[in-house]
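Participant: Make a model of this:
(2 chains)
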Amino acid sequence: DARVTQTPRHKVTEMGQEVTMRCQPILGHNTVFWYRQTMMQGLELLAYFRNRAPLDDSGMPKDRFSAEMPDATLATLKIQPSEPRDSAVYFCASGFPLPGRPYEQYFGPGTRLTVT
Amino acid sequence: GNSVTQMEGPVTLSEEAFLTINCTYTATGYPSLFWYVQYPGEGLQLLLKATKADDKGSNKGFEATYRKETTSFHLEKGSVQVSDSAVYFCALSDDKIIFGKGTRLHILP
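Facilitator: Take a look at the predicted model:
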């Protein structure tokens, strides 16, 4: 049963600390997304990659957030320095668009981040 | 640009009631349409999908029909259960997937 995995599942950190979240997309999927979910803002797309290249990171605060794909099996989202307003659940999703086929995304379980 | 609008929640129903969650979309071309569901503490899961006009997606008793003339993809279920309590997201495929804001559903026993 192929799944997107995310680590850690929960992270509590103090303001100013660096936070790194990791995602392993489903093997063979070439498109990876990072989302942030909060009660106030709902689900927000932060960035997405195709074939490891960033396609759109306009949803991401550039001064403190960075997203990378060191290889096809790993995506990372870093926050440095973290702030209390970054507290949210961060989801990774992956997919593989094909012409003429519905383009589905498969979500990981999320990383719940709390910044105190 | 492309967008999705769905009814705001929360929606509260009694068990065995009929459910409709409205969703309309704005898109150029002919996107695929989806409903995703998020149970408490979990990520989003694909519930059903439709790829072209008049297609009906169905799963777990839920149905939605791709209506091009009204640009809608309303979610329906004839008899809801307590276990259906969750947040439901309507979405369409662009180069990425565009999600609506979500509708929280509470089912009372």
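Participant: Look up which residues are beta-bridged to the residue positioned nearest the centre of chain A.
Facilitator: Here the mean C-alpha position of chain A is nearest to the C-alpha of A:Trp34 (Cα atoms, centre = their mean), at a distance of 2.8 Å. Partner residues in beta bridges with A:Trp34, using DSSP bridges, are A:Ala47, A:Cys92.
Participant: which secondary element of chain B has the worst mean pLDDT?
Facilitator: strand B:97-99 (a mean of 89; mean pLDDT, DSSP states H and E).
Participant: Next, see if that strand gets close to chain A.
Facilitator: Yes - for strand B:97-99, a contact with chain A is found by Cβ under 8 Å from any Cβ of the partner chain, at B:Ile97, B:Phe99. For glycine as for every other residue, the C-beta is placed from the backbone atoms N, C-alpha and C.
Participant: just checking, next helix/strand downstream of that strand?
Facilitator: Moving toward the C-terminus from strand B:97-99, the next helix or strand (DSSP states H and E) is strand B:103-108.
Participant: list the buried ones in that following strand?
Facilitator: Using 16 or more other Cβ atoms under 10 Å in any protein chain shown as the test for burial, strand B:103-108 gives B:Thr103, B:Leu105, B:Ile107.
Participant: all strands for chain A, in order.
Facilitator: Counting by DSSP state E, residue ranges of the strands within chain A are A:5-7, A:10-13, A:19-24, A:31-38, A:42-50, A:53-56, A:65-71, A:74-79, A:88-95, A:106-107, A:111-115.
Participant: what about residue 93, how many residues close to it?
Facilitator: This is for chain A. Burial of A:Ala93, expressed as a neighbour count using other Cβ atoms under 10 Å in any protein chain shown, amounts to 25.
Participant: try chain B instead
Facilitator: Neighbour count of B:Ser93, defined by other Cβ under 10 Å: 23.
Participant: Any part of stretch A:65-76 near chain B?
Facilitator: No - contact between stretch A:65-76 and chain B, assessed by Cβ under 8 Å from any Cβ, is absent, since the two come no nearer than 14.1 Å.
Participant: and the residue nearest to the centre of chain A, what does it touch?
Facilitator: A:Cys23, A:Leu45, A:Leu46, A:Ala47, A:Tyr48, A:Met60, A:Ala67, A:Ala75, A:Leu77, A:Tyr90, A:Phe91, A:Cys92 (Cβ atoms under 8 Å, 6 or more residues apart in numbering or on different chains).
Participant: how near is it to chain B?
Facilitator: Using Cβ to the nearest Cβ, to the nearest Å, one obtains 11 Å as the distance from A:Trp34 to chain B.
Participant: Which residue does chain A have closest to chain B?
Facilitator: Closest approach of chain A to chain B (Cβ to the nearest Cβ) occurs at A:Phe107, with a separation of 3.5 Å.
Participant: Count the neighbours of the nearest residue to that residue once chain neighbours are set aside for me.
Facilitator: Closest residue in space to A:Phe107, ignoring its immediate chain neighbours: B:Gly43 at 3.5 Å, by Cβ to Cβ, 6 or more residues apart in numbering or on different chains. The number of residues packed near B:Gly43 is 22, by other Cβ under 10 Å.
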